[in-house]
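# Sequence below, structure please.
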Amino acid sequence: MDFRHLTLGDKVVFADAGPRPFNVRAVSPDHMVVILSRPSSDGSSAEYTMIDWTRPGRATDGTNGAGHTIGSGVHRNLHRFFHTMLGGSAGQPPPTQTVLAFGNWRDVAIVAVNGKP
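I've put the predicted structure just below:
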């Protein structure tokens, strides 16, 4: 899949993740890394995924759709993550590494953004 410019609040549907969209929650300043979430199927937690256009690929949060129960501070940590990646504090991991672990990389297959192919 070719690069797609995504912004905060966009609703993204992936070919391999069912019809429920993920919401864009954080975007790196260069738009090359995007973190998205959606409520889990039972609504009690959030499922996260990350797009890295430099790979290019998409990683999952490792919960197989069960999602993480995370306080509202996670979105603040996502914002800090990108600033740490760019300017960073030597020897300290980015804040999201203590909250989310992304893996199971796959191709980025976007079906729609905000309801449009």
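# any chance you could map the helices in the protein?
Residue ranges of the helices in the chain, as given by DSSP state H, are 73-86.
# low-confidence ranges in it?
For the chain, residues meeting the criterion pLDDT under 70 lie at 1, 44, 62-101.
# 80 - rerun?
The model of the chain has pLDDT under 80 over residues 1-3, 40-46, 61-103.
# and Cys103, how many neighbours?
One correction, residue 103 is Gly, not Cys. Burial of Gly103 is recorded as 9 neighbouring residues (other CB atoms under 10 Å). In short, each C-beta sits where N, CA and C put it, glycine included.
# What's the separation between it and Tyr48?
12 Å (CB to CB, to the nearest Å).
# which residues are in contact with both of these two?
Thr60 (CB atoms under 8 Å, 6 or more residues apart in numbering).
# for Ala59, which residues make a bridge with it?
Met50 (DSSP bridges).
# ok, now which ones touch it?
So Ala59 contacts 49-50, 52, 102-106 (CB under 8 Å, 6+ apart).
# Please repeat the previous calculation with a cut-off of 10 Å.
35, 48-52, 100-106 (CB atoms under 10 Å, 6 or more residues apart in numbering).
# out of those, which are inside strands?
Mapping the contacts of Ala59 onto strands (DSSP state E) picks out 35, 48-52, 103-106.
# quick revisit: between the contacts of Ala59, which sits nearest Asn114?
Of all these, Asn114 sits closest to Ile51, with 15.6 Å by CB to CB.
# How about that closest one: what's its closest non-neighbour residue?
Excluding the flanking residues, the one nearest Ile51 by CB to CB, 6 or more residues apart in numbering is Val34, at 4.4 Å.
# Please report the distance of that neighbour from Gly115.
On the measure of CB to CB, Val34 and Gly115 end up 18 Å apart.
# Those two: who's more crowded?
Val34 (25 against 8).
# That one reaches Arg58, doesn't it?
Yes - under the criterion of CB atoms under 10 Å, Val34 makes contact with Arg58 at 9.2 Å.
# can you count the residues close to Thr54?
By other CB under 10 Å, neighbour count at Thr54 equals 11.
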